[in-house]
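# Here is a sequence together with a model predicted from it:
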Amino acid sequence: QQQVKQSPQSLIVQKGGISIINCAYENTAFDYFPWYQQFPGKGPALLIAIRPDVSEKKEGRFTISFNKSAKQFSLHIMDSQPGDSATYFCAATSSSNTGKLIFGQGTTLQVKP
Amino acid sequence: ETGVTQTPRHLVMGMTNKKSLKCEQHLGHNAMYWYKQSAKKPLELMFVYSLEERVENNSVPSRFSPECPNSSHLFLHLHTLQPEDSALYLCASSLGGSGYASTDTQYFGPGTRLTVL
């Protein structure tokens, strides 16, 4: 019940296309869902995060869509650029206690010029 | 130096060696973390310190021994490791303090790539 399942494992998108990464969780106590971006040779960095009181959050070309009833959330990268090529991790946790941040397996995105 | 730094960046060690990984954060945070990152697996939380006290210990084998002498420094002492311990070890920090929360943004260092022969 503590798992976060992420798909696909890898993704290749043409420049200008839309990249979509999906995550699913089981623990209904989770109420904070961040996405982290990791470039080669670097540590992960927070990209965008959402709480379940909204169904969508947009920051520039990055949008999180959240479906509470389905216990799923996804990251959409609009107008994908070669500079977006990185590994993306979804994560989830509960703010009601000092529980740990549970990460998905990661998605390696390659945006072709 | 800014952010979170880790040394060394690469480490090769034999199964009988003893080595230490060092992490330093320059963000004024009070919580620090060790994660293990293996290929195609989720990041595995190993240890969490808040205000220099260990608050999370995720059933990590005793051959990994953390040390947090102050809120800016975190060490991971390694001894008698196994080849399956080869991975990228990431350090992170967050605001933390008495109000330590898993929703605090975590700031990661670049990691130490460890190879155990």
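Alright, I've got the coordinates.

# Check what contacts the worst-scoring helix or strand of chain A on mean pLDDT and list those residues.
Sorting the helices and strands of chain A by mean pLDDT, DSSP states H and E puts strand A:102-103 at the bottom, at a mean of 93. Counting contacts by C-beta atoms under 8 Å, 6 or more residues apart in numbering or on different chains, the residues outside strand A:102-103 that touch it are A:2-4, A:25, A:30, A:36, A:89-93, B:42-43. To be clear about C-beta, it is placed using only N, CA and C from the backbone, and glycine gets the same treatment.

# Point out the residues in chain B that sit beside chain A.
For chain B, the contact set with chain A under C-beta under 8 Å from any C-beta of the partner chain comprises B:4, B:40-43, B:45, B:48, B:55-56, B:58, B:90, B:92, B:100-103, B:105-111.

# Is whichever residue of chain A sits closest to chain B in a helix, a strand, or coil?
Scanning chain A for proximity to chain B using C-beta to the nearest C-beta identifies residue A:43 as nearest, at 2.9 Å. Here residue A:43 is coil, with the state taken from DSSP: H, G, I helix; E, B strand; the rest coil.

# how many neighbours does it have?
22 (other C-beta atoms under 10 Å in any protein chain shown).

# what do you get for residue B:47?
21.

# can I assume it is in contact with residue B:57?
Yes: the criterion here is C-beta atoms under 8 Å, and residue B:47 meets it with residue B:57 at 5.9 Å.

# Can you say which of the contacts of strand A:102-103 are buried?
A:4, A:25, A:30, A:36, A:89, A:90, A:91, A:92, A:93, B:42, B:43 (16 or more other C-beta atoms under 10 Å in any protein chain shown).

# OK, contacts around the residue nearest the centre of chain B?
Nearest residue to the geometric centre of chain B (C-alpha atoms, centre = their mean): residue B:34, 2.6 Å. Counting by C-beta under 8 Å, 6+ apart, residue B:34 makes contact with B:23, B:45, B:46, B:47, B:66, B:74, B:76, B:89, B:90, B:91.

# Please repeat the previous calculation with a cut-off of 7 Å.
Counting by C-beta atoms under 7 Å, 6 or more residues apart in numbering or on different chains, residue B:34 makes contact with B:46, B:47, B:66, B:74, B:76, B:89, B:91.

# From the residues you listed, pick the one nearest chain A.
Checking the contacts of residue B:34 against chain A by C-beta to the nearest C-beta gives residue B:91 as the nearest, at 8.0 Å.

# so where's chain B uncertain?
Counting by pLDDT under 70, chain B has low-confidence residues at B:1, B:99.
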